[in-house]
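> turn this into a structure:
(4 chains)
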Amino acid sequence: MKKVGLAAFDSKKLSTQQYNDLGSTIVSVQQEELKRQLSQFQERLSHFASAHASEIKNNAKFRAEFAEMCAAIGVDPLANSSSKKGGRIASFLGKDVQDFYFELAVKIVEICRQTREDNGGMVKVTEVRDILNARNKTSAIKVSVDDIVTAVKTLKKLGDGLGIVKVGSQQFIKSVPGEMNPDQITVLETCHVLGFVSVSLLRDNLGWKPTRSKSTLETMTGAGLLWVDGQGVETQYWSPSWIDDGYMVAANS
Amino acid sequence: TSTTITVSSSFDAADSLSEDVFYQELSRDLSEFLHSGVLDKEGGIISLFDLYALYNRSRGYSLVSPNDLYKACAQMESLGLPVKMRRYKNGFLAVQEKFKTNDALTKQLISWIKTVDASNTKGVSTLGVCSKFKWSVGVAEEELQYAEEKGLLCRDEHVTGLRYFVNIMCT
Amino acid sequence: MNSEIYNFPPFFTRQPNETTWQAQLSHWKDVILTHSRETKQWRLSNTDSIFENKKIQRRLKPDVIQLVLSDLVSNKKADWVDSKTKTEVWIWWRSAEEWATLILAWIDSTGQNGSIVTFYDIAGDDSPGVPEMVGMDSTMLHKVCQVLVHQGKAAVMRDEDGNEVGLKV
Amino acid sequence: MNSEIYNFPPFFTRQPNETTWQAQLSHWKDVILTHSRETKQWRLSNTDSIFENKKIQRRLKPDVIQLVLSDLVSNKKADWVDSKTKTEVWIWWRSAEEWATLILAWIDSTGQNGSIVTFYDIAGDDSPGVPEMVGMDSTMLHKVCQVLVHQGKAAVMRDEDGNEVGLKV
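Have a look, this model is predicted:
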């Protein structure tokens, strides 16, 4: 650690012990100062939260920025239940904002469970968003992708087995334990770009040998991650996330 | 030398006392909730994810955070409640009845597989296990993998899905 | 999952993965029930146009259609028109119990308890009591009546030839 | 061949449990060696039909086949035909030492000590000395000879072009 300001001393005249004492004094002074600044920061963030509770609740963009600010200074506004007494951070966010996220997390767990047989436990974040907003047509609050990601992160505390996985530019919620290997990720990415994959598509686009493609595609089908279409010129493998995408395309056209 | 600065929310004595009470009450309430028929419906084991969803659904308002739910489950055993938290090898968490040992559950599973697939030629699927033991898919998978880690079961990965067989390769 | 699954090419191929196949069957059930409800279709044959999606040039194979129909029947969402040939089903896009409830509600709301109401009053073309039931076949009507009889809520009325013609609540 | 294991579907999936996997590898080794011995197969490629069991519709994945072949090699039950590409192995369903012993035994029993015996005498189609060795490739024969040379029990004989053609005990 750089000991700023020590140049003023003639360090040669100081014993090592003294030197260390001085150093740690300075460090602890710095530490105190930082702590003071941080807690001031938290204080202000707390004021901000209560002053803007309704914006935070009703505006997805606002929520995302607020979450970023909290993360930047190491505050987790969603660690504590709203019913818990005491503690500054407990009352950090309005009760209804906290409950908004906790309820969202409940719904995410349920959707993962309900759609698991369709998609093998890999569901696109945008699909979860569409499902939630379609169910809640009357509500003024529209759930955003960021909200869902925030809610999924709070669920980390409940153990491994539910988390965000990036597939190219797409974000998925994975609700089955175990890692996906790079080939499987690549296949899902390719599905997103081309709609579906086949042995010859993977050969032409990625230079994969048929044996490699076949074994990856069969493994993924066996895991419920891909659906098979046997009525084209060759067997085609589709990601069920296409269904939601297709729906969006149809809705926008 | 590097210095880490942690800023924690400072509780005074009364706060930390009320915090202890909060978790104890939550643990007890969860235990009661589980014994109101929920645990029976889930075949005696429930994943923390499902417990979180079901419990908060039943509360309806002033929901419990995932963090608090975890802390309350973690101390169920030390509070002497009839349920305990269990951590599977891959980090999956569940709550189960205290009197049932992990190996007793496995024994139950293996003996059922031996009766439904006596010839050991078809194996069983996760869904088959779910419907037999009333477990959620997550729990069934963990139980099957637990038996696999013990060398009692082995797997057949196929395009038709994953199936588990009684392991005859180690004899 | 939404109805867009009908435009998903793999939806018309029997999925090799058993779990996925179960999900697929369940989606076919939903697609058929929704479509029947919307078009007021009472009867579905194994050659119905729903099993082919011309837009994406995909169709369900006959043996798979058979599995889909059997699944509807075993889920009590349909009955075989002829349980020997198994080529056609009556579709219960509402259950017999639900139809029974609707009939009772109408009789009740019009103060006809104790009087005889004919099937024509209930589901005839001319100002029917339960408009949704217009066009329902007598086989299905019979089953709905049986529900009421079993519940002890109604007696079936017959004409001189022994045909069921109405109810008395 | 252990047909019970060979018809056991999980035998064709790489087992995640380390202990089970080691047992599985060892079963594959036995299955391959038994099958090669029975069919007098000297050479095994990574696309050999043994890796697919049509009866139960299971096949070993390419990366797992590679592990099985490597295991054979590291257990000295096989040698890579080409140690760069590693697509094929020579199989020692008897070890080189065993073959060497069989050759010596035949030479001994026919009183040919001190005389030159050609490879054709040993393993040629026409009344071979060690019938089981018929069809063995020269690469493998060479390795067997080396065993005898190292044991100081025989010298290799060459023709004018320097090719190994026989032995002198």
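
> distance of the spatially closest residue to C:N17 that is not a sequence neighbour from chain D?
Distances taken as CB to CB, 6 or more residues apart in numbering or on different chains place B:G161 nearest to C:N17, at 5.0 Å, with adjacent residues excluded. Where C-beta positions appear, they are placed from N, C-alpha and C, glycine not excepted. The gap separating B:G161 from chain D is 12 Å, by CB to the nearest CB, to the nearest Å.

> contacts only, for A:V128.
Counting by CB atoms under 8 Å, 6 or more residues apart in numbering or on different chains, A:V128 makes contact with A:108, A:111, A:148, A:173.

> re earlier: which residues pair with the residue nearest to C:N17 across the strands?
B:H158 (DSSP bridges).

> can I assume it is in contact with C:W21?
No - applying CB atoms under 8 Å as the test, B:G161 and C:W21 come out as separate, 9.0 Å apart.

> more crowded one of the two?
The neighbour comparison of B:G161 against C:W21 (other CB atoms under 10 Å in any protein chain shown) goes to B:G161, with 23 against 17.

> look up how far B:C130 lies from the more buried one.
To B:C130, B:G161 is 13 Å away according to CB to CB, to the nearest Å.

> overlap in contacts, these two.
Shared contacts of B:G161 and B:C130 (CB under 8 Å, 6+ apart): none.

> which residues of chain B lie near chain C?
For chain B, the residues in contact with chain C (CB under 8 Å from any CB of the partner chain) are B:125-127, B:159-161.

> dump the residues you listed to a markdown table, plus distance to B:R59 and pLDDT.
Listed next are the residues of chain B next to chain C as a markdown table, based on distance: CB to CB, whole Å; pLDDT from 0 to 100:
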| residue | distance to B:R59 | pLDDT |
| --- | --- | --- |
| B:S125 | 35 | 95 |
| B:T126 | 30 | 94 |
| B:L127 | 30 | 93 |
| B:V159 | 43 | 94 |
| B:T160 | 41 | 94 |
| B:G161 | 37 | 94 |
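
> in chain B, which spans are strands?
Assigned by DSSP state E, chain B shows strands spanning B:45-47, B:83-87, B:93-97, B:124-125, B:153-158, B:161-166.

> of all these, which lies closest to B:S31?
The closest of these to B:S31 is strand B:83-87. By CB to CB, the value is 5.3 Å.

> name the strands paired with that closest one and say parallel or antiparallel.
strand B:93-97 (antiparallel).

> list the buried residues of the partner strand.
Buried positions in strand B:93-97, judged by neighbour count with 16 or more other CB atoms under 10 Å in any protein chain shown: B:93-96.

> then it to CSV, C-alphas only?
This file holds the C-alpha atoms of strand B:93-97, laid out as CSV (Å, rounded to 0.1, in the frame of the first residue of the first chain):
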residue,chain,number,x,y,z
LEU,B,93,-30.7,-26.9,-0.3
ALA,B,94,-33.8,-28.6,1.1
VAL,B,95,-35.8,-29.0,4.3
GLN,B,96,-36.8,-32.5,5.4
GLU,B,97,-38.2,-34.3,8.4
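
> other residues contacting that strand?
The set of residues external to strand B:93-97 that reach it, using CB under 8 Å, 6+ apart, is A:158-159, B:30, B:34, B:39, B:44-48, B:51, B:70, B:73, B:76, B:82-88, B:105, B:139, B:142.

> out of these, which end up buried?
With burial judged by 16+ other CB under 10 Å, the buried subset of these is A:158-159, B:30, B:34, B:39, B:44-48, B:51, B:70, B:73, B:76, B:83-86, B:88, B:105, B:139, B:142.

> chain D contacts on chain B?
Checking chain B against chain D by CB under 8 Å from any CB, the hits are B:120-121, B:123, B:148-149, B:151, B:154-158, B:163, B:165, B:167-170.

> if any of the residues you listed are buried, put those into a ChimeraX selection.
The following ChimeraX line selects those of those that are buried, judged by 16+ other CB under 10 Å:
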select /B:120,123,148,149,151,154,155,156,157,158,163,165,167,169,170
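
> report the contact partners of B:T160.
By CB under 8 Å, 6+ apart, B:T160 lies in contact with A:222, C:16-18.

> a markdown table for these, including secondary structure and distance to A:K153?
Formatted as a markdown table, those follow (DSSP: H, G, I helix; E, B strand; the rest coil; distance: CB to CB, whole Å):
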| residue | secondary structure | distance to A:K153 |
| --- | --- | --- |
| A:G222 | helix | 30 |
| C:P16 | coil | 36 |
| C:N17 | coil | 31 |
| C:E18 | helix | 34 |
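
> give me the low-pLDDT residue ranges for chain A?
Low-confidence segments of chain A (pLDDT under 70): A:1-19, A:22, A:53-54, A:56-58, A:60, A:67, A:71, A:73-77, A:82-95, A:246-253.

> what about the strands in it?
Secondary structure of chain A (DSSP E): strands located at A:122-124, A:163-167, A:170-174, A:196-197, A:227-229, A:236-238.

> tabulate the ones you listed in TSV, adding columns for mean neighbour count and distance to chain D.
Shown next, in TSV, are those (neighbours: other CB atoms under 10 Å in any protein chain shown; distance: least, CB to the nearest CB, whole Å):
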stretch	mean neighbour count	distance to chain D
strand A:122-124	24	20
strand A:163-167	15	20
strand A:170-174	21	19
strand A:196-197	24	18
strand A:227-229	24	16
strand A:236-238	23	17
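
> between these, which one is closest to chain B.
Closest approach to chain B among the strands of chain A (CB to the nearest CB): strand A:227-229, 8.2 Å.

> and that closest one, how far out from the chain's middle?
Average the C-alpha atoms of strand A:227-229, do the same for its chain, and the two points are 29 Å apart (CA atoms, centre = their mean, to the nearest Å).

> output the contacting helices and strands for that strand.
Contacts defined by 3 or more CB pairs under 8 Å, 6 or more residues apart in numbering or on different chains; DSSP states H and E place strand A:227-229 against strand A:236-238.
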